[in-house]
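Fold the following, please.
(chains A and B)
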2 protein chains.
Amino acid sequence: MADKDKLISRSEDYNEWYNSLVLKADLADYGPVRGTMIVKPYGWTLWENIQAALDRRFKATGVQNAGFPMFIPMSFLQKEAQHVEGFAPELAVVTHGGGQELAEPIVVRPTSETMIGHAYANWVQSYRDLPILINLWNSVVRWELRTKLFLRTLEFFWQEGHTAHATAAEADERTRMMLDVYADFAINEAAVPVIPGEKSAMERFAGADQTLTIEAMMGDGKALQSGTSHNLGQNFARAFGIQYLDTNNELQHCWTTSWGLSTRFVGAIIMTHGDDNGLVLPPRLAPYQVVMVPIYRKDEDKTAVLNATHRLQQILVEAGVRVKVDDRENLTPGYKFNDWELRGVPLRLEIGPRDVENHTVALARRDVPGKEGKQFVSQDGLAHTVTALLADIQQNMLAKATRFRDENTHDVTNYEDFKTAVSTGFARVWWAGSDAEETRVKEETKATIRCFPLEQPGGSGVCFYTGKPATRQAIFGRAY
Amino acid sequence: MADKDKLISRSEDYNEWYNSLVLKADLADYGPVRGTMIVKPYGWTLWENIQAALDRRFKATGVQNAGFPMFIPMSFLQKEAQHVEGFAPELAVVTHGGGQELAEPIVVRPTSETMIGHAYANWVQSYRDLPILINLWNSVVRWELRTKLFLRTLEFFWQEGHTAHATAAEADERTRMMLDVYADFAINEAAVPVIPGEKSAMERFAGADQTLTIEAMMGDGKALQSGTSHNLGQNFARAFGIQYLDTNNELQHCWTTSWGLSTRFVGAIIMTHGDDNGLVLPPRLAPYQVVMVPIYRKDEDKTAVLNATHRLQQILVEAGVRVKVDDRENLTPGYKFNDWELRGVPLRLEIGPRDVENHTVALARRDVPGKEGKQFVSQDGLAHTVTALLADIQQNMLAKATRFRDENTHDVTNYEDFKTAVSTGFARVWWAGSDAEETRVKEETKATIRCFPLEQPGGSGVCFYTGKPATRQAIFGRAY
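Numbers count the residues shown, from 1 in each chain, chains lettered A, B, ... in the order given. Coordinates of the predicted model:
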């Protein structure tokens, strides 16, 4: 049960607001091993809704799910040079099994490209076996030193997609297709207005030729990388020997991709929409879309109010609305209001003896605080009223978050303005710097290239940092 | 793609039939670490259907899902004496993380009772926090020496439910409720006629007061434990301090349960229904319920046949039928028939130029081989014909498996008949033996008490082994 102490305000301490909200809203708890996370039922139901929204999009593109082992021979990691360099420092290593020391140490997967490479090399013989389009819902382990619930944990839950293709063009198309899936999901299900773009060479996945990303702006103006799609070229195919006989009976290496989105996205939802009263969950993903609070003081009202509550609950459930009835005894309506506000339920329905009499209910929107968000409506056509309101809340949340992002994104042309911009949000700039210059900007301002947006203005400009002519704009920001 | 060499027959070598079928039907493959398993998309889709059928049953009883870490401090395992004794020999141990040796070794969960005990102790304060009804879909690791795909692997996929209650009666009721869920699922979704019963003290889960089980008979007469539900009494509550203040404000220990069903159940489906031509999958769980094979020799027939195929596909999909169209080029219809028989698709729909003309299709049942299972039907009302046939196949599979089990279950009253019975199936006997006598029977016959069936004849009898008066019947069998 949530501790009812008031949340600290976001402006006072954003970091502390986030940490205590995750705990108080019953989304997650700390696991006993440092850096691990327990996702509690309320948080997991949110994750299940995220999974369902992604899974049906994946399947619509021909992807099927599979289950791969968590244990990878240490030697696999060493087969792709950049990959091992990227992941070796973060590995968890199993050295003993069944009471014996193992001949070869085993790592718990930090990601499965190597295991997939091994399997696909066995499975693919001819062009007829391609493409392979597989996704895994699982968890992976990366030995992070600084952890934060949902955003960066030692073990995290995610999906990792892995595809193999006959041609570079197909791999390219798939890399982009899955980014589009992520962007569509983020915008239309989570109301998180992400910017789809390409990572700079320095920020690429270890072993990829290209990394695409969706980048979101959190409520404190910082960036959160929210999903990535990698074109792995022939790097893993060469390292693991994924080869096929083409239509001319000649042996070719495959082209592969991988793409992932994790429980980190729960953090994106919290920090995009949350306010000083707690979570604000998008209706399409919220575990409960409507919480019903029956209100009565006298015992003689109780039956009538509860009967009406359950009748209306039934009507909403039949209309496909996810409903929670809070009929806990010994708690005041005010306590319940605060509790469900903290948990971000999009719509609160109150019903008391006078509502029963008048055939009305009160509806209070989570996204519009106070009286402005409250209305009294007839019980007639309630399912329609509620579903229309939920759709409106979803739209409003996206519009509000987009406005916030746009207001905090500045086109700048010099370093001073750049520094001001990234202290509160994003800087959009022309960029023609080298890797070394990108690193220097990071050291000096803590801001990194979040992405080169896919949507570019065209033409060219002057790099704000080097003064060189530039053909691409980049979004810079400080990131989680 | 499946290797098209003929399967070995079940009578020739049941073990080899099973192993090669799992590989040839594309259900699973071996992982690179000894004893691990890759569940391929066809096998995983079957598992997803199993998950969905169980998950909605769990949720109907008030259970919610959550996500728990895979890493458990070694010290947790040692808190419950019987539990550590049962699981210590099978642990995988992480000794290094992030390049450093760990101060305390970590184990990869073999099951999560200890981690759950730790969390519930933190979460539960008063009777108002009870019951806690949580389920986890995850994978666990047990360092098994003899492994077999699906039946016993080093890592396996499963669900583990964990509940905490205020009273012994509630825990007792929940233990039985979840066994009933498993039995209902097995019988009505998988057409596997399991026997629900209670394990003997020797076969109980490590740390449980009572273990209930569903036991199935495989095609070779051996038993497969297919799901278990444990009443843990106050053992874990005491070990981990799960306590609550009751309505009198007195501190009490909780009563807990746990219950699990794993990818082992895929093995149960294979071995309950499979025949010499391959898998036979129950329609309610089959990844594809109908495979459509368009048949044409001349190019001028192709368009008409494919058009009709896709039109009928649409009709079936709209009726909620899971359909696969096999329009692979360069493969003969005969090859495709064998391929989908191997993969156990319940119903094959063939359509050729004459069918297009006559507005008919041919339907071939997987559960009734040859001409007897084939019929020509009108395209009119096809959705109805198909759904009725699928329901009939489901029923027939259950009836056939039940008949097989009953024919191979013998009521015996002496040790000679007992030995004969357990060499080909189950022996049902009155039992009043001690643990030592149970062990001796196992050593002498390889048969163990699979369960004391919940359904008992009543009254009493004479123990077949000790000659003592007995009040319970037991089912003995050799087990996987």
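
Just give me the neighbour total for A:Asp299.
Applying other Cβ atoms under 10 Å in any protein chain shown, we find 7 other residues in the vicinity of A:Asp299. Any C-beta I mention is one placed from the backbone N, CA and C, and that applies to glycine too.

What residue in the stretch 351-480 of chain A comes nearest to chain B?
Proximity to chain B, evaluated over the stretch 351-480 of chain A using Cβ to the nearest Cβ, is greatest for A:Tyr480 at 20.0 Å.

wait, that residue sits on A:Gly267?
Yes: with contacts counted by Cβ atoms under 8 Å, A:Tyr480 reaches A:Gly267, the gap being 7.4 Å.

Overlap of the contact sets of the two?
Residues touching both A:Tyr480 and A:Gly267 (Cβ atoms under 8 Å, 6 or more residues apart in numbering or on different chains) are A:Lys148, A:Leu151, A:Leu224.

The last one and chain B, how far apart?
What it means is A:Leu224. 20 Å (Cβ to the nearest Cβ, to the nearest Å).

what residues are up against A:Gly197?
A:Gly197 neighbours (Cβ under 8 Å, 6+ apart): A:Leu212, A:Thr213, A:Ile214, A:Glu215, A:Arg450, A:Cys451, A:Phe452, A:Pro453, A:Leu454, A:Ile475.

I meant to write A:Val124 there.
With Cβ under 8 Å, 6+ apart, A:Val124 has these contacts: A:Leu130, A:Ile132, A:Ala164, A:Ile242, A:Gln243, A:Tyr244, A:Cys254.

so A:Thr114 is in which element?
helix A:113-123 (DSSP states H and E).

Contacts for that helix, please.
So helix A:113-123 is in contact with A:68-69, A:72, A:76-77, A:79-80, A:83, A:109, A:129, A:132, A:134, A:162, A:164, A:207, A:232, A:236-237, A:239-243, A:254, A:256, A:258, B:29, B:31-32, B:38, going by Cβ under 8 Å, 6+ apart.

follow-up on the earlier one: take the shared contacts of A:Tyr480 and A:Gly267 and keep only those in helices.
Among the shared contacts of A:Tyr480 and A:Gly267, none falls in helices (DSSP state H).

Make TSV out of the residues you listed and add neighbour count.
Below are those laid out as TSV (neighbours: other Cβ atoms under 10 Å in any protein chain shown):
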residue	neighbour count
A:Lys148	17
A:Leu151	22
A:Leu224	22
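
and which of these is nearest B:Trp17?
Nearest to B:Trp17 among the shared contacts of A:Tyr480 and A:Gly267 is A:Leu151, at 49.8 Å by Cβ to Cβ.

which ones are touching the closest one?
Listed by Cβ under 8 Å, 6+ apart, the contact partners of A:Leu151 are A:Leu224, A:Arg264, A:Gly267, A:Tyr480.

Save these as CSV, and put in secondary structure and pLDDT too.
Output for the contacts of A:Leu151, formatted as CSV (DSSP: H, G, I helix; E, B strand; the rest coil; pLDDT from 0 to 100):
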residue, secondary structure, pLDDT
A:Leu224, strand, 98
A:Arg264, helix, 98
A:Gly267, helix, 98
A:Tyr480, coil, 96
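
now for the residues you listed, which pair is the farthest apart?
A:Arg264 and A:Tyr480 (8.4 Å).

more crowded one of the two?
A:Arg264 (21 against 18).

Hmm, that one is touching A:Phe157, no?
No: counting by Cβ under 8 Å, A:Arg264 sits too far from A:Phe157 to count as a contact (9.5 Å).

And the strands in the stretch 351-480 of chain A?
Remark: strands assigned in the stretch 351-480 of chain A by DSSP state E, counting those that start in this stretch are A:360-365, A:374-378, A:409-411, A:426-431, A:448-453, A:461-462, A:469-470, A:472-477.

Give me the distance between the residue of the stretch 351-480 of chain A closest to chain B and A:Glu16.
Distance of A:Tyr480 to A:Glu16, computed by Cβ to Cβ, to the nearest Å: 15 Å.

again, but for A:Asp209
41 Å.

the more surrounded of those two?
Each of A:Asp209 and A:Glu16 has its neighbours counted (other Cβ under 10 Å); A:Asp209 has more, 19 against 13.

And the pLDDT for the more buried one?
A:Asp209 carries a pLDDT value of 97.

Just give the closest residue to it, not the sequence neighbours.
A:Gly233 (3.8 Å; Cβ to Cβ, 6 or more residues apart in numbering or on different chains).

That neighbour: neighbour count?
A:Gly233, neighbours per other Cβ under 10 Å, totals 19.

so how far is chain B from it?
23 Å.

try A:Met178
With Cβ to the nearest Cβ as the criterion, A:Met178 and chain B are 17 Å apart.

Does that residue touch A:Ser258 like I think?
No: A:Met178 is beyond contact range of A:Ser258, at 9.1 Å (criterion: Cβ under 8 Å).

Need the overlap of contacts for these two.
In terms of Cβ under 8 Å, 6+ apart, A:Met178 and A:Ser258 are both contacted by the residues A:Gly161, A:Ser229.

Nearest to A:Gly43 among the contacts of A:Gly197?
Among the contacts of A:Gly197, A:Ile214 lies closest to A:Gly43 (Cβ to Cβ), at 21.2 Å.

nearest residue to that closest one other than its sequence neighbours?
In this structure, A:Ile214 finds its nearest non-sequential neighbour in A:Val194, 3.8 Å apart by Cβ to Cβ, 6+ apart.

For that neighbour, list the residues it contacts.
Contacts of A:Val194 by Cβ under 8 Å, 6+ apart are A:Tyr182, A:Ala183, A:Ala186, A:Ile187, A:Ile214, A:Glu215, A:Ala216, A:Ser226, A:Gly227.

picking that back up, just checking: what are the partner strands of the next helix or strand after the helix holding A:Thr114?
Counting by DSSP H and E, the next helix or strand C-terminal to helix A:113-123 is strand A:132-141. If you go by DSSP bridges, strand A:132-141 pairs up with strand A:64-65 (parallel), strand A:155-165 (antiparallel).

What does A:Leu281 show for phi and psi?
phi -100, psi 140 (degrees, to the nearest 10).

Packing partners of the worst-scoring helix or strand of chain A on mean pLDDT?
The helix or strand of chain A with the lowest confidence, counting by mean pLDDT, DSSP states H and E, is helix A:81-87 at a mean of 86. Using 3 or more Cβ pairs under 8 Å, 6 or more residues apart in numbering or on different chains; DSSP states H and E, the elements in contact with helix A:81-87 are helix A:74-77, helix A:235-240.
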